[in-house]
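# Starting from these lines, generate the structure:
(one chain, ligands or ions: 2)
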Amino acid sequence: MEDYKALKEEIKHLKEDKNALIMAHYYTRPEIQEIADFIGDSLALARKASETDADIIVMCGVHFMGETAKILCPGKKVLVPDMAAGCSLADSCPPEEFEAFVKAHPDHTVISYVNTTAAVKALTDIVVTSGNARKVVDSLPEDEKIIFGPDHNLGEYINAVTGRKMLLWNGACHVHDRFSMQEILRLKEEHKGAKILVHPECRRPLQLIADKVGSTAALLDFARNDDAREYIVVTESGILFEMQRKCPGKTFIPAPPEEAGCQCNNCDYMKLNTLEKVARALRDEAPEIIVDKETAEKALKPIERMLELSK
Ligand code: 13P
Ligand code: SF4
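Ligands and ions are numbered 1, 2, ... in the order given. Model prediction:
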């Protein structure tokens with residue numbers, strides 16, 4: 001803890017000296033959320049990046065979040081504490097294969113989830129996050145043909161709530177695709193009054209038993225404004241820190257994954273962000289996100305369209 005105290009002090013001084021903004025996703029470690037200037041879901045992180053006047057952005061999340069920030073702010077230095085912080089969902093959509101899918105359906109509007117590489121965004125008409133996907137899809141004419149990728153579970157959810165028949169890419173997140181229905185029903189038996197909060201990256205049957213389906217920020221908001229005392233949280237367990245902080249009198253129960261005993265309700269990529277790496281990134285101003293100019297220019301349009309449509 002002493003080490004943490006010294007590191008936190010160092011980070012504070014470095015970020016002030018360098019006019020840096022530290023942003024963190026809800027799935028990062030508690031000590032990262034504690035030092036962050038801004039914590040949010042993917043949508044809020046993208047919005048904040050587009051608005052900040054900091055010279056340096058330290059994105060404590062995963063690679064695509066840093067890339068999105070860099071595309072929105074090409075003139076700023078965007079650092080990610082560990083370049084290995086990838087995303088299994090983004091990996092489930094290789095750009096060459098997605099391009100072939102897009103080309104095979106030339107009369108379709110292409111909607112991509114923000115959990116994609118810049119190269120996939122560059123093939124996209126509109127980017128969405130789980131926080132605005134429904135609103136963006138609803139804004140399009142009813143007869144518009146749509147391709148949606150890469151998250152199949154989110155795509156199924158949006159199809160169900162909007163009545164669309166979007167063509168879905170078959171990608172998934174290794175954390176959200178693994179929650180166990182049986183274990184969640186068992187928890188519900190034990191905690192009869194508990195409400196079930198589900199991220200839309202989880203499978204459809206889990207979405208159907210949820211009291212609330214939503215992005216990390218939407219789940220947090222629901223818990224803050226709802227009157228239940230207990231919640232079964234079916235998303236990455238890092239969010240429990242902010243839920244507990246915002247709702248101190250309530251109990252949040254992390255949903256167990258399929259294989260009992262494994263830590264697979266943790267996103268190992270998100271947990272690569274540590275205080276040591278944040279301090280090092282600020283000291284060295286590295287590792288820095290670089291996106292080639294042509295890809296960045298193509299990817300910017302669908303991200304801006306998302307921000308515009310979800311105002
Ligand atoms: P949110 O947009 O809900 O924060 O989700 C991001 C993510 O990576 C979920 O796995
Ligand atoms: Fe990607 Fe899944 Fe981690 Fe979210 S939880 S960043 S979708 S691997």
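# In terms of helix, strand or coil, where does the residue nearest to Leu21 when sequence neighbours are not counted fall?
Computed as CB to CB, 6 or more residues apart in numbering, the closest residue to Leu21 that is not its neighbour in sequence is Ala54, at 3.7 Å. To be clear about C-beta, it is placed using only N, CA and C from the backbone, and glycine gets the same treatment. Assigned with DSSP: H, G, I helix; E, B strand; the rest coil, Ala54 falls in the coil class.
# residues contacting Ala54?
19-21, 76 (CB atoms under 8 Å, 6 or more residues apart in numbering).
# what residues are up against the closest residue to ligand 1 within the stretch 201-311 of the chain?
The stretch 201-311 of the chain approaches ligand 1 most closely through Ser215 (3.3 Å), counting by CB to the nearest ligand atom. If you count contacts by CB under 8 Å, 6+ apart, Ser215 has them with 41-43, 129-131, 199-200.
# for the strand or helix carrying Val78, packing partners?
Assigned by DSSP states H and E, Val78 belongs to strand 77-79. Packing contacts for strand 77-79, counted by 3 or more CB pairs under 8 Å, 6 or more residues apart in numbering; DSSP states H and E, involve strand 56-60, helix 63-72.
# what's the pLDDT at Lys311?
Looking at Lys311, its pLDDT is 77.
# Which residue is the nearest non-sequential neighbour of the residue nearest in space to the middle of the chain?
When CA atoms, centre = their mean is applied to the chain, the residue found nearest the centroid is Ser42 (4.3 Å). Among residues not flanking Ser42 along the chain, Thr129 sits closest, at 4.4 Å (CB to CB, 6+ apart).
# My guess is that neighbour contacts Leu43. True?
Yes. Assessed by CB atoms under 8 Å, Thr129 is found in contact with Leu43 at 4.2 Å.
# contact partners of the helix or strand that contains Glu16?
Assigned by DSSP H and E, Glu16 belongs to helix 2-17. Residues outside helix 2-17 that contact it (CB under 8 Å, 6+ apart): 20-22, 31, 34-35, 37, 58, 275-276, 278-279, 282-283.
# Show residues contacting the very next helix or strand once past that helix.
Counting by DSSP H and E, the next helix or strand C-terminal to helix 2-17 is strand 20-25. With CB under 8 Å, 6+ apart as the test, strand 20-25 has contacts from 11, 14-15, 32-33, 35-42, 45, 48-49, 52, 54-62, 65, 69, 216, 238, 270, 273, 278, 282.
# filter the residues you listed by proximity to ligand 2?
62, 270 (CB under 6 Å from any ligand atom).
# Are any of the contacts of strand 20-25 buried, and if so which?
Buried by 16 or more other CB atoms under 10 Å: 11, 14-15, 32-33, 35-36, 39-42, 45, 48-49, 52, 54, 56-62, 65, 69, 216, 238, 270, 273, 278, 282, out of these.
# Residue of the stretch 101-250 of the chain nearest ligand 2, please.
For the stretch 101-250 of the chain, CB to the nearest ligand atom, closest residue to ligand 2: Cys173, 3.2 Å.
# Identify the residue spatially nearest to that residue, adjacent ones excluded.
Closest residue to Cys173 apart from its sequence neighbours, by CB to CB, 6+ apart: Leu89 at 4.2 Å.
# what comes up buried for whichever strand or helix holds the one you found?
The secondary structure element spanning Leu89 is helix 88-91 (assigned by DSSP H and E). Neighbour counts using 16+ other CB under 10 Å place 88-91 of helix 88-91 among the buried residues.
# If we only consider those, which is nearest to Asn265?
Ser88 (13.8 Å; CB to CB).
# for the residue nearest to that closest one when sequence neighbours are not counted, phi and psi?
Leaving aside its sequence neighbours, Ser88 sits nearest to His174 (CB to CB, 6+ apart; 4.1 Å). Backbone torsions of His174, given as degrees, to the nearest 10, read phi -70, psi -20.
# what's the neighbour count on Val136?
Counted with other CB atoms under 10 Å, residues neighbouring Val136 total 20.
# any idea which helix or strand comes after the host helix or strand of it?
Here Val136, judged by DSSP H and E, is contained in helix 133-138. Per DSSP H and E, the first helix or strand lying C-terminal to helix 133-138 is strand 146-149.
# Enumerate the residues of the stretch 101-250 of the chain near ligand 1.
Taking CB under 6 Å from any ligand atom, the part of the stretch 101-250 of the chain that reaches ligand 1 is made up of 115, 129-131, 173, 176, 201, 215-216.
# Which of those fall in helices?
If you go by DSSP state H, those have Thr216 in helices.
# Closest one to Glu156 out of the residues of the stretch 101-250 of the chain next to ligand 1, please.
Glu201 (10.6 Å).
# Would you mind measuring from Ser237 to Gly193?
Separation of Ser237 from Gly193 (CB to CB, to the nearest Å): 21 Å.
# again, but for Gln207
Here Gln207 is placed at a distance of 21 Å from Gly193 (CB to CB).
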